[in-house]
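A.B. asks: Build me a structure from this.
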Amino acid sequence: MSAMALQLVIIERDGVINERVPGSVTTPELLNPLAGSLEAIARLNHAGMRVAVSVTHPETGTTDLPIETLNRIHARLQQLLARRGGHLDGLFIHNSATGSPAGNSPVRELLQDIAGRFSIPLEQTAFVSGDPHLLACAQADGATAILVQTGPTHTADLNNLKTAADLMAAADEIIRT
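C.D. replies: Prediction:
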């Protein structure tokens, strides 16, 4: 695949951009970027890639995580990125508590929705996550899937997934591709 072929990078936030916390990130102060992750996003931006972040928050809109708080969390992320010359082209929330009316995996539908909003086919999209099961959904639809190893150790069959030590290594791979 040539460098022009990949146009969109979808990145899972928790465990890839920021440290995982018990439960989830529920305040701006709990958003602690992993070393090099913000610089990696800036590198992708400067290479001409569109960058979107996917976040799973089953408690979105509840008293546990009002949308206003989630907006403050992501405003902090954008501010931290701006200091490093980066930005997000989109941020998409996945409420895993809601089912899929079409019977598809809600994660699969989320990825298709993100790519569709940018009018970029999944075949020209990379998905970076710490979860091999999420990546399998992306890979099944033709996206380039890269497993970062900044999260828990995975014993699942990786189904020939590309792996990277962290988001910077994944960004290097995407830019080289």
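A.B. asks: Doesn't residue 110 lie inside a helix?
C.D. replies: Yes - checked against DSSP: H, G, I helix; E, B strand; the rest coil, residue 110 lies within a helix.
A.B. asks: Residue 94 reaches residue 56, doesn't it?
C.D. replies: Yes - in this structure, residue 94 is within contact of residue 56 by C-beta atoms under 8 Å, at 4.7 Å. Any C-beta I mention is one placed from the backbone N, CA and C, and that applies to glycine too.
A.B. asks: Going along the chain, name the helices of the chain.
C.D. replies: Per DSSP state H, the chain carries helices over the ranges 37-46, 67-82, 106-117, 132-140, 167-176.
A.B. asks: hey, which of these is tucked in deepest?
C.D. replies: Mean neighbour count (mean count of other C-beta atoms under 10 Å) peaks for helix 37-46 among those, with a mean of 22.
A.B. asks: May I have it as PDB, with CA atoms only?
C.D. replies: Written as PDB, here are the backbone C-alpha positions of helix 37-46 (Å, rounded to 0.1, in the frame of the first residue of the first chain):
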ATOM      1  CA  SER A  37       1.500   9.700  21.900                       C
ATOM      2  CA  LEU A  38       0.700  13.400  21.300                       C
ATOM      3  CA  GLU A  39       3.800  13.900  19.200                       C
ATOM      4  CA  ALA A  40       2.800  10.800  17.100                       C
ATOM      5  CA  ILE A  41      -0.500  12.400  16.300                       C
ATOM      6  CA  ALA A  42       1.200  15.600  15.300                       C
ATOM      7  CA  ARG A  43       3.500  13.600  13.000                       C
ATOM      8  CA  LEU A  44       0.500  12.000  11.400                       C
ATOM      9  CA  ASN A  45      -1.100  15.400  10.900                       C
ATOM     10  CA  HIS A  46       2.100  16.800   9.300                       C
END
